[in-house]
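**Student:** starting from these lines, generate the structure:
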Amino acid sequence: MKPYKRCFEQQPIKLSESLLSAVAEFDTNSPSDEQVIRTIISAEQGAINLYQQLLNYTQSPILKKVIIDITKEEKIHVAEMERVLKQYIITDEDNEYEIAQKGYDEVDELADEIL
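**Tutor:** Numbers count the residues shown, from 1 in each chain. Here you go, the predicted structure:
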């Protein structure tokens, strides 16, 4: 039996629920730009979760470093898509941008108290 197979039998990898649901719910008939972006974000977050799980299975320092680097790149992809979504797609009828900004401000305030 190959070593990697034994690892997976001991601790199976679970695919991200967000990734699976994003693919399942995607409307291929006439997707909006917002739906396309949200699906991409879900897929990227699913990839991040998968890479973080796989990181636990390797003993190779080189492979760990590569997985960490790829995970960072996926996080950049999420940030890029969130930027496009907030800046160019969302009409902000539900005040999502304003709500997100309040969250950012609260984190800044909490950080200022600690630092």
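**Student:** ok, residues contacting the helix or strand where residue 74 lies?
**Tutor:** Using DSSP states H and E, residue 74 maps to helix 61-84. With contact meaning Cβ atoms under 8 Å, 6 or more residues apart in numbering, helix 61-84 is reached by 37, 40, 41, 44, 45, 47, 48, 51, 52, 54, 55, 58. Any C-beta I mention is one placed from the backbone N, CA and C, and that applies to glycine too.
**Student:** so the last one is in which element?
**Tutor:** Assigned by DSSP H and E, residue 58 belongs to no helix or strand.
**Student:** any idea how far the nearest residue to it once chain neighbours are set aside lies from residue 47?
**Tutor:** Nearest residue to residue 58 in three dimensions, chain neighbours excluded: residue 64, at 5.8 Å (Cβ to Cβ, 6 or more residues apart in numbering). From residue 64 across to residue 47, the span is 17 Å (Cβ to Cβ, to the nearest Å).
**Student:** likewise for residue 27?
**Tutor:** Residue 27 is 22 Å from residue 47, where distance means Cβ to Cβ.
**Student:** looking at the two, which one has more neighbours?
**Tutor:** residue 47 (19 against 10; other Cβ atoms under 10 Å).
**Student:** excluding chain neighbours, what is closest to the more buried one?
**Tutor:** residue 74 (5.1 Å).
**Student:** which strand or helix spans residue 30?
**Tutor:** Using DSSP H and E, residue 30 sits within no helix or strand.
**Student:** how many other residues sit next to it?
**Tutor:** The tally of other residues near residue 30 (other Cβ under 10 Å) stands at 6.
**Student:** on that earlier part again, just the pLDDT for the residue nearest to residue 58.
**Tutor:** Looking at residue 64, its pLDDT stands at 95.
**Student:** count of residues packed around it?
**Tutor:** Residues lying near residue 64 (other Cβ under 10 Å) number 14.
**Student:** what about it, distance to residue 111?
**Tutor:** Per Cβ to Cβ, residue 64 is found 29 Å from residue 111.
**Student:** distance check, the residue nearest the centre of the chain against residue 95.
**Tutor:** In the chain, the residue lying closest to the centroid (Cα atoms, centre = their mean) is residue 45, at 1.8 Å. Computed as Cβ to Cβ, the residue 45 to residue 95 distance reads 23 Å.
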